[in-house]
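Chemist: pasting the structure only:
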């Protein structure tokens, strides 16, 4: 058993929270989990993890 698991937590201004245990920490897995959950004016905060930065770049275009 591994000591850690990748978790994604999303919160919005309406106090809605979405949490998911990710199958992997790839840009594809993050993109799939965030699909349909981001609005044009969403503000994303990150620890700078590269796959998440790639997803953020995709949502900005």
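Modeler: Thanks, I have the structure now. Small disclaimer: the values here were computed from a predicted structure and weren't measured.
Chemist: every contact and neighbour count from this point should use C-alpha atoms.
Modeler: Fine.
Chemist: distance from whichever strand or helix holds residue 32 to the middle of the chain?
Modeler: If you go by DSSP states H and E, residue 32 is part of helix 27-34. The chain centre lies 7 Å from the centre of helix 27-34; the measure is CA atoms, centre = their mean, to the nearest Å.
Chemist: show residues contacting that helix.
Modeler: Defining contact as CA atoms under 8 Å, 6 or more residues apart in numbering, one finds that helix 27-34 is touched by 20, 22, 23, 51, 52, 54, 55.
Chemist: next, count neighbours for residue 18.
Modeler: Look at residue 18: counted by other CA atoms under 10 Å, it has 13 neighbours.
Chemist: do you know the pLDDT at the closest residue to it other than its chain neighbours?
Modeler: Leaving aside its sequence neighbours, residue 18 sits nearest to residue 10 (CA to CA, 6 or more residues apart in numbering; 5.0 Å). Looking at residue 10, its pLDDT reads 85.
Chemist: repeat that for residue 57.
Modeler: pLDDT recorded at residue 57 is 71.
Chemist: what angle sits between the host helix or strand of it and helix 27-34?
Modeler: Applying DSSP H and E as the criterion places residue 57 in helix 50-60. Per axes from the mean of the first three to the mean of the last three CA atoms, to 10 degrees, the angle that helix 50-60 makes with helix 27-34 is 60 degrees.
Chemist: all numbers from here: first residue = 7
Modeler: Let's use 7 as the start, then, which means that last one is helix 56-66.
Chemist: show me where pLDDT drops low in this protein?
Modeler: By pLDDT under 70, the weakly predicted segments of the chain are 7-8, 54, 64-67.
Chemist: buried residues in stretch 33-49, which are they?
Modeler: Within stretch 33-49, the residues scored as buried using 16 or more other CA atoms under 10 Å are 33, 35, 36, 37, 39, 40.
Chemist: rebuild those as TSV, extending it with distance to residue 46.
Modeler: As requested, these are exported to TSV (distance: CA to CA, whole Å):
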residue	distance to residue 46
33	19
35	20
36	17
37	15
39	17
40	13
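Chemist: alright, calling it a day.
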